[in-house]
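In: model the structure of this input:
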Amino acid sequence: MKLAVLAVGHRQPGWVNEGCAEYLKRMPRELAASVTEIKPEPRGSKTREQLLNAEKSRIRDALPGGCRIVVLDEKGDDLTTLKLARRLESWMQDGRDIALLIGGADGLDEEFKRQADDSLRLSSLTLPHGMARLLLCEQLYRAVSVLKNHPYHREG
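Out: Predicted structure coming up:
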């Protein structure tokens with residue numbers, strides 16, 4: 001099974017890429033993870049709907065076939081680390097690959113939000129896109145460490 005983080009955005013600072021790479025390489029073989037950058041639509045004089053529609057098409061092209069789609073959204077489920085670990089465990093039991101979608105500056109197309117299998121909220125704070133990527137990668141690794149009883153996560 002694979003985890004794919006699909007993130008709309010431009011090149012990120014080195015510390016974001018290095019941090020994501022560090023957590024991704026720690027993931028177990030049976031849950032290999034990757035980050036794929038999706039090119040944002042140039043803004044110009046396009047409407048928000050036109051921008052989101054163009055990005056939706058690029059995201060669809062990058063989605064693994066038959067995968068579970070999880071959108072990151074400010075109105076998504078607000079989980080603790082332990083609840084994320086349990087959610088990840090249930091996703092793993094389903095057996096499908098998982099695609100976690102991070103929208104661009106204008107978010108994600110409403111169709112993705114409606115059709116998603118799950119919706120997660122990383123924080124009540126507004127996060128820069130690079131920080132959201134890094135935080136998601138770290139939390140995925142942390143959730144796996146909880147499931148494997150690895151001492152990385154210490155509760156209490």
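In: now the longest strand that the chain contains: mean pLDDT?
Out: Determined from DSSP state E, the single longest strand within the chain is strand 68-78. For strand 68-78, mean pLDDT is 94.
In: tell me which residues of it are tucked away?
Out: By neighbour count with 16 or more other Cβ atoms under 10 Å, strand 68-78 contains the buried residues 68-73, 76. C-beta: built from backbone N, CA, C; applies to glycine.
In: same question, stretch 109-124
Out: 109, 112-113, 116, 118-120, 122.
In: show me which pair in the buried residues of strand 68-78 is furthest apart.
Out: 68 and 73 (15.4 Å; Cβ to Cβ).
In: where does the protein dip in pLDDT?
Out: 153-156 (pLDDT under 70).
In: could I get the full set of strands for it?
Out: 2-8, 32-38, 68-78, 98-102, 118-121.
In: any chance of these in a markdown table, plus distance to residue 24?
Out: Formatted as a markdown table, these follow (distance: least, Cβ to Cβ, whole Å):
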| stretch | distance to residue 24 |
| --- | --- |
| strand 2-8 | 9 |
| strand 32-38 | 5 |
| strand 68-78 | 17 |
| strand 98-102 | 12 |
| strand 118-121 | 18 |
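In: pick the one among the buried residues of stretch 109-124 closest to residue 102.
Out: residue 122 (9.0 Å).
In: any idea how far the most centrally placed residue in the chain is from residue 12?
Out: Residue closest to the mean C-alpha point of the chain, counted by Cα atoms, centre = their mean, is residue 100 at 3.4 Å. The gap separating residue 100 from residue 12 is 16 Å, by Cβ to Cβ, to the nearest Å.
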